[in-house]
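Student: predicted model, plus sequence, below.
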Amino acid sequence: MCDTIVALANSTKDGCVLFGKNSDREPNEVQILEYYPHMFHDEDYVKCTYIEIPQVKETYAILLSRPIWMWGGEMGVNEYSVAIGNEAVFTKEPYLEKGLTGMDLIRLALERSRTASQALNIIIDLIEKYGQGGQCGYTKKMYYHNSFIIADSREAWVLETAGKYWVVEKVKDVRSISNCLTIGNKWDKAHPDLINHAIERGWCRDEDDFNFAKCYSSWFYTYFSKGRDRWIQSKKMLEENRGKIDLSLFKSILRSHFNIDFNPAYGSMRDICMHAGGYTRPSQTVGSYIGQLYERTSIHWFTATSAPCLSIYKPVFFEKPYIPEKSEKNFDGRSLWWLHEKIHRKIITNYTKYYSDYSRELLKIDKDIERNTREIREKYLNGNIDEKNLYDFSRQVFAKTFKFIEKWDKKIEYRWKTYNIFYRVYWSKVNRDVKISSHL
């Protein structure tokens, strides 16, 4: 389960386009941050997660937040500040055993596009040629179709799909998507057989009766994913702040929980910052990204860790990107994702005791990093520093995050203080599965 948000320049405080996504997957499903440079290719085909398709001669540099076992990414951005995030959506159309996953489509479009509009058309073309499909769960079977927000520094599009059928809406100011179809009877472009197919299947009577979300949605999985609740929540927060939306607001949206007195032991699938809690709440936000998309020198903020409410957003610049060491599938005791996961799994044993002090210090560090990042970007734009300084600054921020994690690892005791026995049993198994238990 995931949530993606965007605000165009006419709705943000400083006139940049803001793009953000939380990637919700299984709690042990490591998500790694990677950089792929601008490349030229001689090979005829590229192997995606499940199928091969023809390779193009040139691919553009990308930053990708990738589930460790997949070829594609949950979210990413390229050197031209095209940013894309996808959502699992559940429809009445059949799911293919093999095809391009939503994550494959993100990576392919980022590697091959210079604008959001071009990326949109690439995804549509790939879906129509090769189909979308394949098993997308890490340890559990999960099939779905996809919706996307595709943005650059000038515009953004929403693309929602059901099998080979698709519909497109151009974003006017602010927009969000979640694990539900959101486009009804108004759109900018659509598959030529979209309405006729729905009529033939008996999902509507005629063109006047047609509503894409109502006709194509599979109600069962859509309902239990609670995507509509999260969509309404993020949509409301964006619309109420038009004209004054900034990076801090985007962070607060992606860190938000449905209940004010939140405790992960009693969390909900309605939480935008999602915490796994058992078989009815199997998803967790394992990575988060916010892009400040400018015409020049965009800033790309990655947690590169799970649980945004417990994470520091770190800046990365395309001019010379700093990338942390990759994590392993099991607990490795050194990488950022797993070291943060160690304190995360300690905090949730006694959330009410630790969260207040932890978050207070985290938010102070977060604000300092925001201010310093604005300053260093201005220095770069004014020609006072070079790309190496941007790289060194990012590296220092990641190093600061490591120190923050190490400090709190020493302060937090792994000791359960919750009456939710099912929650404790669930997490004990999750921890054993990746051999982290003995390190807590």
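Tutor: Done, it's in. Given the structure is predicted, the values throughout are model-derived calculations rather than measurements. Numbers count the residues shown, from 1 in each chain.
Student: would you mind measuring from the closest residue to L96 other than its chain neighbours to T49?
Tutor: Take L96 and drop its neighbours on the chain: the residue closest to it by Cβ to Cβ, 6 or more residues apart in numbering is G133, 2.6 Å away. Quick note: C-beta positions are derived from backbone N, CA and C, even for glycine. From G133 over to T49 the distance is 10 Å, taken as Cβ to Cβ, to the nearest Å.
Student: shared neighbours of these two, which are they?
Tutor: 100-101 (Cβ atoms under 8 Å, 6 or more residues apart in numbering).
Student: part of a helix, is N146?
Tutor: No - N146 is assigned strand when assessed by DSSP: H, G, I helix; E, B strand; the rest coil, not a helix.
Student: alpha carbons only: can I get stretch 7-26 in PDB?
Tutor: The C-alpha trace of stretch 7-26 is given here as PDB (Å, rounded to 0.1, in the frame of the first residue of the first chain):
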ATOM      1  CA  ALA A   7       1.700  20.300  -5.600                       C
ATOM      2  CA  LEU A   8       2.300  22.500  -8.700                       C
ATOM      3  CA  ALA A   9       4.200  25.800  -8.600                       C
ATOM      4  CA  ASN A  10       0.900  27.700  -8.400                       C
ATOM      5  CA  SER A  11       0.200  26.100  -5.000                       C
ATOM      6  CA  THR A  12       3.600  26.100  -3.300                       C
ATOM      7  CA  LYS A  13       5.200  28.800  -1.200                       C
ATOM      8  CA  ASP A  14       8.400  29.100  -3.200                       C
ATOM      9  CA  GLY A  15       7.100  28.300  -6.600                       C
ATOM     10  CA  CYS A  16       8.700  24.900  -7.100                       C
ATOM     11  CA  VAL A  17       6.800  21.700  -7.800                       C
ATOM     12  CA  LEU A  18       6.700  19.400  -4.800                       C
ATOM     13  CA  PHE A  19       6.400  15.600  -5.300                       C
ATOM     14  CA  GLY A  20       6.200  13.000  -2.500                       C
ATOM     15  CA  LYS A  21       5.600   9.300  -2.000                       C
ATOM     16  CA  ASN A  22       5.500   6.800   0.900                       C
ATOM     17  CA  SER A  23       6.300   3.200  -0.300                       C
ATOM     18  CA  ASP A  24       4.400   0.700   1.900                       C
ATOM     19  CA  ARG A  25       5.500  -2.900   1.600                       C
ATOM     20  CA  GLU A  26       6.300  -5.800   3.900                       C
END
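Student: now do the residue nearest to L96: how many residues are near it, please.
Tutor: Using other Cβ atoms under 10 Å, G133 is surrounded by 21 other residues.
Student: surely F258 touches S234?
Tutor: No - applying Cβ atoms under 8 Å, one finds F258 not in contact with S234, separated by 11.5 Å.
Student: who's more crowded, these two?
Tutor: Applying other Cβ under 10 Å to F258 and S234 shows that S234 carries more neighbours, namely 24 against 17.
Student: nearest spatial neighbour of the more buried one, skipping sequence neighbours?
Tutor: Take S234 and drop its neighbours on the chain: the residue closest to it by Cβ to Cβ, 6+ apart is S176, 4.0 Å away.
Student: how far does the host helix or strand of that neighbour sit from the chain's center?
Tutor: Using DSSP states H and E, the element containing S176 is strand 174-177. Put simply, strand 174-177 sits 13 Å off its chain's centre (Cα atoms, centre = their mean, to the nearest Å).
Student: and stretch 142-154, by the same measure?
Tutor: Chain-centre distance of stretch 142-154: 10 Å, with Cα atoms, centre = their mean.
Student: what's the answer for stretch 169-178, then?
Tutor: Relative to the centre of its chain, stretch 169-178 is centred 16 Å away, using Cα atoms, centre = their mean.
Student: quick check: mean pLDDT across it?
Tutor: Average pLDDT, stretch 169-178: 98.
Student: mind listing what's buried along that stretch?
Tutor: For stretch 169-178, a neighbour-count test (16 or more other Cβ atoms under 10 Å) marks 169, 171, 173-178 as buried.
Student: name the surrounding residues that touch it.
Tutor: In contact with stretch 169-178 (Cβ under 8 Å, 6+ apart) are residues 1-8, 10-11, 87, 147-149, 151, 155-158, 160, 183, 186-188, 227-228, 230-231, 234-235, 238-239, 242, 245.
Student: give me that answer again for 7 Å
Tutor: Stretch 169-178 is contacted from outside by 3-8, 10-11, 87, 147, 149, 156-158, 183, 187-188, 227, 230-231, 234-235, 238-239, 242, using Cβ atoms under 7 Å, 6 or more residues apart in numbering.
Student: next one, pLDDT for the nearest residue to E155 once chain neighbours are set aside please.
Tutor: Closest residue to E155 apart from its sequence neighbours, by Cβ to Cβ, 6+ apart: A116 at 5.5 Å. If you check A116, the pLDDT there is 98.
Student: and E97, what does it touch?
Tutor: G133 are the contacts of E97 under Cβ under 7 Å, 6+ apart.
Student: against K407, how distant is it?
Tutor: To K407, E97 is 48 Å away according to Cβ to Cβ.
Student: which stretches in the stretch 101-250 of the chain count as helices?
Tutor: Per DSSP state H, counting those that start in this stretch, the stretch 101-250 of the chain carries helices over the ranges 102-112, 116-130, 194-200, 212-216, 219-225, 227-239, 247-254.
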